[in-house]
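> Any chance you could fold what I've pasted below:
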Amino acid sequence: MPIKAIKLRYIPLLMIYFSYGATAFTSIANDFFVKKELGLSAVELIELSFWIMIPWSIKMIFGQLVDSVTLFGSNRRVYVYIGAVLMSIGTLLLISIAGDYSIVSAYDKNSIYMASLLITTVGIVMQDVVADTMSTEVIDKNQTPQEIKKELATIQVLSRLALALAGFMVSGLGGYLAGIYSYETIFIISLFIPIISILGITFVKLNHIESSPLNKKIFFGGLGFAIFIIFMGINEIPFAQEIIFLVSLSVVLYMLKELIHELDEDTVRHIKMAMIVIFVYRAMPSVGPAYSWWSIDVLGFDEAFFGVLTQIGATLGIIGMWVSGKYIVEKSISSVLITLTIIFTILSLPTLGLYYGVHDMIGVDAKTVAIIDTVASSPFDYIAGVVMLTLVAIYAPEGKKGTWFALMASFMNIAIVASKLFTKYLNQILVVTREVKEKGVVVVNADYSQLGILLIVVIAIGFIVPIVTILKFNPDK
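Got it, this is the predicted structure:
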């Protein structure tokens, strides 16, 4: 059982992951606040989510800092503190626009909202890099290679459990409170989240980790890449997102090549196959915000009910991880991924059925279908995350683990950036709009007529492409 595998040396990183999972407390309030107050279109929100992914795509900078730059005698604890400060600043900005504070009244709400998300995300990314690095350092190295591989997988299971436990404790509560109190109040309460990671990293003794030499190519290359992204974003260059995606993918692939060039040819081949599978699996498009809008406007789902769904999802995520931990550790990566792809596809069908009114035909309440679908699908989201991270941990090179995890995390997040782009294209072709009012006057009418086709296309792509890729580039061969 996973609980029996917990050791004292795991606690700091588990509390950092727990803090990350606790950010779910504001997710429902945030979604409803955006829908009611900001009036952004589906494509605009998807483009915003693209920019929010950028800090995750330049994790190599933070990885180099954690590996090579010691501040105030620490190259672990200090970065968790800095991340906590940034998360707090981002939350304070969000509070200011939710409460219509006079200090920000002269500025555009959408711009402040984006700045809030970016600053918060940078803080989370910094803490995540520390936790990822520590996840390879807390193992007992006096074991066989197979035992080390199992412990690495066990740590990833425990990390996802920490995320899920945090979601279980706060997500339903966040939805319930969002239906009672103002969104400003919810955001104020969320200031407790950074404190969790601070407590974890402060009161648990850490082993001293020697800094490795700064890899100037990776650090300054990543820094130059970050400056390039900022320039593209500020100047609103045409096709900026597509250019950034192609450049970022090229930069990260080059840096990964530099990092692994000393490994033997067979290991490099396995890493390349694993990278292809990971990229394709995570690059699949989603529906975007349109389905949530439709479920709010047409099905009448409110904050409290979304809280119920997230509470159920978090609860079953914990149970699913608990039960499946041994399966994940012992089965091959490819077989787990194929199984997950098939399950995800089957579990997407109730959502499609809701749109086409199947629940009315069989006399079942829409909320019942949504709950059943959440019950069935929740555990598998967490399992997929564990599989990806285990695959990355297996090939972490000695002395470069912080940079390795950061680069692979950047690579995986660039795949999510690709997913955002594909989602944006689909939403530009199959346009779905919600009703938007300005000063009580409707300026955009609701139109959900193409949502069904959008759902079908997303489900089909999400099944066919991963299966073909996994069979073609099986990293277990």
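> so where do the strands sit in the stretch 101-250 of the chain?
In the stretch 101-250 of the chain, no segments count as strands under DSSP state E, counting those that start in this stretch.
> residue ranges with poor pLDDT in it?
136-142, 149, 203-211 (pLDDT under 70).
> which residue ranges form the helices in the stretch 101-250 of the chain?
Counting by DSSP state H, counting those that start in this stretch, the segments of the stretch 101-250 of the chain that form helices are 109-137, 145-178, 183-189, 193-202, 216-234, 240-260.
> Can I get these in a markdown table including mean neighbour count and distance to residue 443?
Yep, even glycine has a C-beta here, placed from its N, CA and C like the rest. Formatted as a markdown table, these follow (neighbours: other CB atoms under 10 Å; distance: least, CB to CB, whole Å):
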| stretch | mean neighbour count | distance to residue 443 |
| --- | --- | --- |
| helix 109-137 | 22 | 15 |
| helix 145-178 | 22 | 26 |
| helix 183-189 | 20 | 22 |
| helix 193-202 | 21 | 35 |
| helix 216-234 | 16 | 27 |
| helix 240-260 | 18 | 26 |
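> of those helices, which approaches residue 57 most closely?
helix 240-260 (5.2 Å; CB to CB).
> now for that closest one, which elements pack on it?
Judged by 3 or more CB pairs under 8 Å, 6 or more residues apart in numbering; DSSP states H and E, the packing partners of helix 240-260 are helix 42-57, helix 216-234, helix 265-282, helix 401-429.
> which of those helices is buried the deepest?
Sort these by mean neighbour count, taking mean count of other CB atoms under 10 Å, and helix 401-429 sits at the top with a mean of 23.
> just checking, what packs against it?
Counting by 3+ CB pairs under 8 Å, 6+ apart, helix 401-429 packs on helix 42-57, helix 59-68, helix 109-137, helix 240-260, helix 265-282, helix 366-394, helix 451-472.
> Residue 307: how many residues sit nearby?
Residue 307 has 23 neighbours, counted by other CB atoms under 10 Å.
> Correction: the previous question concerned residue 437.
Count around residue 437 with other CB under 10 Å applied: 11.
> Does it belong to a helix, a strand or coil?
What DSSP: H, G, I helix; E, B strand; the rest coil gives for residue 437 is strand.
> Check residue 443 too.
Residue 443 ends up strand, using three-state DSSP.
> With adjacent residues omitted, what lies nearest to it?
Among residues not flanking residue 443 along the chain, residue 436 sits closest, at 5.5 Å (CB to CB, 6 or more residues apart in numbering).
> now swap in residue 46 and tell me
residue 424 is the one closest to residue 46 (CB to CB, 6+ apart), at 4.6 Å.
> so the one you found makes contact with residue 41?
No - with contact defined as CB atoms under 8 Å, residue 424 does not count as touching residue 41 (10.9 Å).
> contacting residues for residue 291?
351, 355, 451, 455 (CB atoms under 8 Å, 6 or more residues apart in numbering).
> how does it look with 10 Å?
351, 352, 354, 355, 432, 448, 451, 454, 455, 458 (CB atoms under 10 Å, 6 or more residues apart in numbering).
> Residue 307 too?
Applying CB under 10 Å, 6+ apart, the residues near residue 307 are 27-29, 170-179.
> got the helices of the stretch 101-250 of the chain as JSON lines, with distance to residue 75 columns?
Below are the helices of the stretch 101-250 of the chain laid out as JSON lines (distance: least, CB to CB, whole Å):
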{"stretch": "helix 109-137", "distance to residue 75": "9"}
{"stretch": "helix 145-178", "distance to residue 75": "20"}
{"stretch": "helix 183-189", "distance to residue 75": "32"}
{"stretch": "helix 193-202", "distance to residue 75": "12"}
{"stretch": "helix 216-234", "distance to residue 75": "14"}
{"stretch": "helix 240-260", "distance to residue 75": "19"}
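> closest to residue 77 out of those helices?
helix 193-202 (5.1 Å).
> How far does stretch 347-363 stretch from one end to the other?
20 Å (CA to CA, to the nearest Å).
> buried ones in that stretch?
Neighbour counts over stretch 347-363 (16 or more other CB atoms under 10 Å) mark 347, 348, 350, 351, 352, 353, 354, 355, 359 as buried.
> just checking, the second one is part of a helix?
Going back to what we said before, that points to residue 348. Yes - assessed by three-state DSSP, residue 348 belongs to a helix.
> That one contacts residue 457, doesn't it?
No - in this structure residue 348 lies outside contact range of residue 457 using CB atoms under 10 Å: 11.6 Å.
> Quickly list what's touching both of those two.
Shared contacts of residue 348 and residue 457, counting by CB under 10 Å, 6+ apart, come down to residue 287.
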